[in-house]
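J.: Let me see the structure of the following:
(one chain, ligands or ions: 3)
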Amino acid sequence: MSRSILMLPGDGIGPEIVAEAEKVLHKINEKFGLELHFQSALVGGAAIDETDTPLPDETLEKARKADAILLGAVGGPQWDSRPMASRPEKGLLGLRSNLELFANLRPAILYPQLASASSLKPEVVSGLDIMIVRELTGGIYFGQPRGVRELESGERQGYNTYAYTESEIRRIGRVAFEAAQQRSKKLCSVDKANVLEVTVLWREIMEDLRREYPDVELSHMYVDNAAMQLVRAPKQFDVIVTGNMFGDILSDEAAMLTGSIGMLPSASLNSEKQGMYEPCHGSAPDIAGKGIANPLATILSAAMMLRYSLGEEKAAEAIEAAVSKVLDQGLRTADIMSADGRKVSTREMGDAVLAAL
Ligand SMILES: NC(=O)c1ccc[n+]([C@@H]2O[C@H](COP(=O)([O-])OP(=O)(O)OC[C@H]3O[C@@H](n4cnc5c(N)ncnc54)[C@H](O)[C@@H]3O)[C@@H](O)[C@H]2O)c1
Ligand SMILES: CC(C)[C@H](C(=O)O)[C@@H](O)C(=O)O
Ligand SMILES: [Mg+2]
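T.: Ligands and ions are numbered 1, 2, ... in the order given. Okay, the predicted model is just below:
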């Protein structure tokens with residue numbers, strides 16, 4: 001069965017890391033006879049420079065038709081002074097909302113080979129395997145009204161709205177309960193229900209869902225405590241479910257537990273399991289063009305694509321095993337470099353994964 005994959009390299013290190021993941025996907029395509037067809041399009045700053053908009057209609061059209069999308073990253077200082085509505089990040093947010101990619105899965109797994117790259121002690125992080133389920137198309141990122149207004153006093157006020165409907169909470173809750181059922185049957189819902197009404201409702205709906213999933217042990221935690229617990233004793237968590245902004249922050253924190261943000265992949269899915277796959281990190285303008293970015297989060301995102309949108313579990317496992325093998329060989333990009341490692345470039349890391357396949 002032929003499937004179409006849309007590649008969106010984006011900005012900064014985006015094109016460098018997507019090139020490596022694309023090589024890996026081509027190889028997998030051949031090896032497993034998958035009939036994947038590749039297209040590419042512009043998004044973010046790259047699209048602004050060519051078309052003056054971060055999400056051209058043509059890109060959105062291609063994205064709607066694709067079975068899955070692989071995105072590098074968007075954004076960079078050269079576009080930071082643009083008005084909010086036309087910044088590169090709006091390209092990414094527009095894809096998420098137009099395709100209704102409400103379920104963002106961000107697995108933080110510590111490869112045993114990288115225990116020393118984590119900023120936490122090996123005994124605190126060894127064996128770490130957490131799944132953060134982040135709501136991606138609602139909450140304060142999309143709530144209305146929003147903007148900067150002038151008050152009667154003449155002073156300006158910036159404001160956003162943090163809102164969730166019951167149905168938005170319920171659908172992400174189901175994804176998280178089902179993920180927990182597939183794993184250790186432990187789910188922690190993270191909120192700020194001691195202060196914010198929107199998360200009082202969040203907690204109520206999660207409690208309500210508990211009755212549909214009696215085999216899952218549900219707990220609740222305030223987000224400030226969760227941020228602390230993640231560095232104190234991260235292995236107490238299995239699946240975490242949370243809203244858009246808390247999930248953004250906690251997933252970067254969880255990334256560091258695994259040694260580097262360059263290791264954390266993600267899947268953003270809609271209810272038809274159509275998905276956009278991207279590393280959790282950004283366009284890393286500080287290292288762009290130097291050929292030193294870690295491409296593994298993007299390569300692992302390609303593995304998630306095979307698993308969640310294309311139903312090719314064996315091909316996904318082959319990529320994950322190849323990544324593990326290159327780490328066994330001691331190959332390290334700068335961000336995960338250790339005393340006994342061999343430092344490699346972005347391209348060398350991609351080539352090593354290919355060879356391991
Ligand atoms: N999904 C996305 O497209 C996405 C995500 C986050 C940030 N951004 C955008 O990226 C730009 C930079 O944001 P930022 O600096 O806050 O976050 P960032 O994730 O781009 O970088 C944070 C730090 O991590 C390092 N880093 C990130 N990815 C790496 C990799 N693969 N290998 C090695 N090191 C890596 C960077 O060099 C930097 O020091 C901003 O414009 C932001 O809006 C985009
Ligand atoms: C670039 C930005 C819009 C994005 C977000 O905040 O969701 C990023 O930080 C992420 O984690 O994917
Ligand atoms: Mg983020």
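J.: Could you grab the helix/strand/coil label for Leu6?
T.: Using DSSP: H, G, I helix; E, B strand; the rest coil, the secondary structure recorded for Leu6 is strand.
J.: who's in contact with the closest residue to it other than its chain neighbours?
T.: Take Leu6 and drop its neighbours on the chain: the residue closest to it by Cβ to Cβ, 6 or more residues apart in numbering is Ala66, 3.9 Å away. All C-beta atoms are positioned from the backbone trio N, CA, C, and that covers glycine. Contacts for Ala66 (Cβ atoms under 8 Å, 6 or more residues apart in numbering) come out as Ser4, Ile5, Leu6, Gln39, Gln274.
J.: same thing but 10 Å
T.: Under the criterion of Cβ atoms under 10 Å, 6 or more residues apart in numbering, the contact partners of Ala66 comprise 3-8, 37-39, 41, 99, 274-276, 309.
J.: Closest to ligand 2 out of those residues?
T.: Taking Cβ to the nearest ligand atom as the measure, Met276 is the one of the contacts of Ala66 closest to ligand 2, at 10.3 Å.
J.: got the contact list for that closest one?
T.: Neighbour list for Met276: 6, 8, 63, 66, 68-71, 92, 95-96, 99, 101, 104, 136, 266-270, 301, 305, 309 [criterion: Cβ under 10 Å, 6+ apart].
J.: and the residue of the stretch 251-357 of the chain found nearest ligand 1, what does it touch?
T.: Of the residues in the stretch 251-357 of the chain, the one nearest ligand 1 is Gly282, at a distance of 2.3 Å by Cβ to the nearest ligand atom. Listed by Cβ under 10 Å, 6+ apart, the contact partners of Gly282 are 10-14, 72-76, 89, 92, 252, 261.
J.: cutoff 7 Å now
T.: Applying Cβ atoms under 7 Å, 6 or more residues apart in numbering to Gly282 gives the contacts Ala73, Gly75.
J.: and the gap between it and ligand 2?
T.: Distance, Gly282 to ligand 2, using Cβ to the nearest ligand atom, to the nearest Å: 6 Å.
J.: Now do the same for that residue: helix, strand or coil?
T.: For Gly282, the assignment made with three-state DSSP gives coil.
J.: Residues of the stretch 201-350 of the chain that sit close to ligand 2?
T.: Applying Cβ under 6 Å from any ligand atom, we find that the stretch 201-350 of the chain lies next to ligand 2 at Asp248, Cys280, Gly282.
J.: Secondary structure of the first one: a helix, I assume?
T.: Yes. Applying three-state DSSP, one finds Asp248 inside a helix.
J.: Secondary structure element holding the nearest residue to it once chain neighbours are set aside?
T.: With sequence-adjacent residues excluded and distances taken as Cβ to Cβ, 6+ apart, Asp248 is closest to Arg134, at 6.9 Å. Mapping Arg134 onto the secondary structure by DSSP states H and E places it in strand 129-135.
J.: how about the following helix or strand past that strand as CSV, C-alpha atoms only?
T.: Toward the C-terminal end, the helix or strand that comes next after strand 129-135 (DSSP H and E) is strand 147-150. What follows is the C-alpha trace of strand 147-150 in CSV, where atoms were taken according to Å, rounded to 0.1, in the frame of the first residue of the first chain:
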residue,chain,number,x,y,z
GLY,A,147,-3.6,40.2,22.6
VAL,A,148,-2.1,43.4,23.9
ARG,A,149,-4.7,46.1,24.7
GLU,A,150,-4.6,49.6,26.0
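J.: Burial check on the residue in the stretch 1-150 of the chain that ligand 1 sits nearest to, number of neighbours?
T.: Closest residue of the stretch 1-150 of the chain to ligand 1, Cβ to the nearest ligand atom: Gly75 (2.4 Å). Gly75 sits with 23 neighbouring residues when counted by other Cβ atoms under 10 Å.
J.: residues contacting it?
T.: Asp11, Gly44, Gly45, Pro88, Glu89, Gly282, Ser283.
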